[in-house]
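Engineer: one predicted model, sequence on top.
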Amino acid sequence: MEDLKDIIKECASGNARAQEKLYRMFAPKMFGVCLRYAKDRTEAEDSLQDGFVKVFLNIQNFRHEGSFEGWIRRIMVNVSLGKFRKQYVLQPVEDMAQFEDVEFSDDILAKIGADELMELVQQLPPRYRMVFNLFVMEGMNHQEISEAMNISVGTSKSNLARARDILKHKVLELYHGAKSNANYSA
Amino acid sequence: MKENLNMDKIFRDKLDGFVEEPPAYVWDGIQSQMASRRRSKRIAIYSWVAVAAMLLLAFVAGWYFSQPAEETIPRIAEKESVKITNEVIPGEQKNVHPAPDESGAEEEKDPGALLAAAPERKVTKKERGEKTVEPEGERENVLLALADLEYMERIESAEVKPAGKVETTSLETPKEVKNVSGLRAFENAILNENARHYARKTKEQAGWKMGVNISPGYSSYSASHGANYASNMTYEASDGNSNLSGGLSVQYKANKRWSVESGVYYAQNGQRTGSSPQFYGGRAEASFAPESDEKSYYFNTAVNIANNSLAMNSTAGVIELEAVPKGAEIAANLETAGTYSNSLLTKGELSQVFDFVEIPLYLRYLLIDSKMDVEVVGGVNAGLVVGNNAYIDNEYGEQNIGKTRDISTVNVSGTLGVGVTYALSKHISVAVEPRLNYYLNSINRNAEVNFRPYRVGVYTGLYYEF
């Protein structure tokens, strides 16, 4: 950990080697963060790049209070949030169609791999994806989300519910698909 | 509900540990983005050095060109350069008032300021204060960083809030009021910043600017003459002319800092030859002076009478006189220092005036970019002589006595200046710009005469930016 502190200090004074070291340390994890906020890999790569530039430009402001990973991660989330705000300023009124409640057991979910879950999250409509991520992954409440995304608390709540609905459906689809595939190959 | 929490947890667990190596070009992109930021900082430093070098070069060039082109034996009035008296144009600087801090005014109007929490405002204010002194590139970062910081704080606080608080906060009316405005503190900051950027954009974008200029000025010259020519020449107790010049200016702004200027200017240059002491130069004697009771000073210069014409060597060249001016006499020289046997005597002053139309090609560099811009200007002019007159001013008034021979129609001059521009509105600005204009070639083709006028003027102009 002392090592990380030194690297951070070096980065703050503009040492390119230290910056690369820091990047190598955190990029894979942060790419994971960016991926789940993005609709595809390209967008995630973009966020990761912008995020790290910001990290290097502001690293001298890091006060070594609290976790550095948390700090970097917040920057990535903010970059993604910024991109979302820029891209989806005009959102159509969401369709209020409801899926019928699906029978859903968490066992199914537990069997599905992280890669597949990531893909499902990426496939969510942008606003649902954002609300889902902020609520589930960042632990923000609806009030916070509504402020961050400039939507009402009600919208945040309904978006979260819709995101969950869609995800459940897709998980089931995936599960049944996997099962039928398994049957087929058997 | 419980089912949802479970689902959330599974997602969180699986996705939180999600690690993937990003492609290599992402790091390359980061590096090049960082490098371009460093580069733009360096360019800013280089351009200062370039401006300094340009100024130095211009002065060295001026110095170099002011050296006599030929070696001449010093004799009577070999070389003279007239010192510029410091002409202060009163009232010129007084018009320029420091700009009121508009960003402060914006701050007050900011609707978000009423709604946003006080500590948040404080942060923005401080950030903005810093921004004014920061280079362009940094500004955005600071702003983004600011947004980040606010978010970081927000997220951080979210983490320590109990989940149960979700419902209660949503019912809090004051918070709802805040939402109604639809704008939060940092968004207001972004909006304000955008507005400022937009206002600045007009300055930064390439575009055209037109203006009218007028300048009271003082013109003088540096001159040197061949020995033979000088022996018959007017007495050089010369001083310059004050005059008025002006013109139309067209500027094209190539980028934020550089612009190119052309236009049409009218300017006068010339010289004034004072009266000489009566016994100066061994020319016409005192007794030949028309009014012997006033023995003090006379214009007393050798003239050449040949082929039915009267010619006189002056500082700027040989003046061809159309006739003997009123109040003047031609007297024979008793003992001649020069080769001419007669002198023109009058109680008055000789002046030679050249009217120029100048087509400039200037480069302008914006040194200080603020409400009151400071620009450095330098370049060359094609100076076309459109008027060439010599006058004698004596008790009969100012008489046009003829013109100067061998004056080149097309000449080249260099200009150097520093100006202050104050924007009155988005399109209209006023500028005050002291300029030095110096002729790089002798405007007289005669090999014996090296005459280079210069002019110092304070150009005051009104500009319209498209």
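Structural biologist: Happy to help now that I have it. What you see is a predicted model, and the numbers here were worked out from it, not measured in a lab.
Engineer: show me the beta-bridge partners of the closest residue to B:His427 other than its chain neighbours.
Structural biologist: Closest residue in space to B:His427, ignoring its immediate chain neighbours: B:Glu465 at 5.1 Å, by C-beta to C-beta, 6 or more residues apart in numbering or on different chains. All C-beta atoms are positioned from the backbone trio N, CA, C, and that covers glycine. Note on B:Glu465: beta-bridge partners by DSSP bridges are B:Lys209.
Engineer: show me where pLDDT drops low in the stretch 251-400 of chain B?
Structural biologist: The model of the stretch 251-400 of chain B has pLDDT under 70 over residues B:274-300, B:333-341.
Engineer: show me what residue of chain A gets nearest to chain B.
Structural biologist: A:Gly32 (3.8 Å; C-beta to the nearest C-beta).
Engineer: what about that residue, neighbour count?
Structural biologist: 22 (other C-beta atoms under 10 Å in any protein chain shown).
Engineer: domain ranges for chain A?
Structural biologist: Under the assignment automatic domain parsing, the domains of chain A span A:2-87, A:106-185.
Engineer: which one of those lies closest to B:Ser309?
Structural biologist: domain A:2-87 (78.3 Å; C-beta to C-beta).
Engineer: avg pLDDT for that closest one?
Structural biologist: On average, the pLDDT along domain A:2-87 is 88.
Engineer: just stretch A:167-174 next, same as before
Structural biologist: 84.
Engineer: also stretch B:424-439?
Structural biologist: For stretch B:424-439, mean pLDDT is 87.
Engineer: which parts of that stretch are buried?
Structural biologist: Going by neighbour count (16 or more other C-beta atoms under 10 Å in any protein chain shown), the buried part of stretch B:424-439 is B:429-439.
Engineer: again, but for stretch B:26-45
Structural biologist: For stretch B:26-45, the neighbour count (16+ other C-beta under 10 Å) marks B:26-27, B:29-31, B:34, B:37 as buried.
Engineer: before we move on, the earlier item: and which of the buried residues of stretch B:424-439 is nearest A:Tyr128?
Structural biologist: For the buried residues of stretch B:424-439, the residue nearest A:Tyr128 by C-beta to C-beta is B:Ser429; the value is 51.1 Å.
Engineer: which of the buried residues of stretch B:424-439 fall in strands?
Structural biologist: Using DSSP state E, the subset of these located in strands is B:429-439.
Engineer: any idea which of these is closest to B:Glu322?
Structural biologist: Taking C-beta to C-beta as the measure, B:Glu322 lies nearest B:Tyr439 of these, at 26.5 Å.
Engineer: who does that closest one form a beta bridge with?
Structural biologist: B:Ser413.
Engineer: surely it and B:Asn450 touch.
Structural biologist: No. Using C-beta atoms under 8 Å, B:Tyr439 is not in contact with B:Asn450; the gap is 10.5 Å.
Engineer: tell me the SS of B:Ser442?
Structural biologist: Secondary structure, DSSP: H, G, I helix; E, B strand; the rest coil: B:Ser442 is coil.
Engineer: enumerate every residue touching it.
Structural biologist: B:69, B:449-452 (C-beta atoms under 8 Å, 6 or more residues apart in numbering or on different chains).
Engineer: can you check B:Asp406 too?
Structural biologist: Shown in contact with B:Asp406 (C-beta under 8 Å, 6+ apart): B:317-318, B:444-446, B:449.
Engineer: kindly recompute the last result at 10 Å.
Structural biologist: B:Asp406 is in contact with B:316-318, B:442-449, counting by C-beta atoms under 10 Å, 6 or more residues apart in numbering or on different chains.
Engineer: got the residues you listed as TSV, with secondary structure and distance to B:Gly417 columns?
Structural biologist: As requested, those are exported to TSV (DSSP: H, G, I helix; E, B strand; the rest coil; distance: C-beta to C-beta, whole Å):
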residue	secondary structure	distance to B:Gly417
B:Ala316	coil	25
B:Gly317	strand	28
B:Val318	strand	33
B:Ser442	coil	23
B:Ile443	coil	21
B:Asn444	strand	26
B:Arg445	coil	29
B:Asn446	coil	31
B:Ala447	coil	32
B:Glu448	coil	33
B:Val449	strand	28
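Engineer: which among those residues end up buried?
Structural biologist: B:316-318, B:442-444, B:446, B:448-449.
Engineer: now chain B against chain A: closest residue?
Structural biologist: Taking C-beta to the nearest C-beta, chain B has B:Phe18 as its residue nearest chain A, at 3.8 Å.
Engineer: pretty sure that residue sits in a strand.
Structural biologist: No. Looking at B:Phe18 with three-state DSSP, it is coil, so not inside a strand.
Engineer: ok, it to A:Met118 distance?
Structural biologist: Here B:Phe18 is placed at a distance of 6 Å from A:Met118 (C-beta to C-beta, to the nearest Å).
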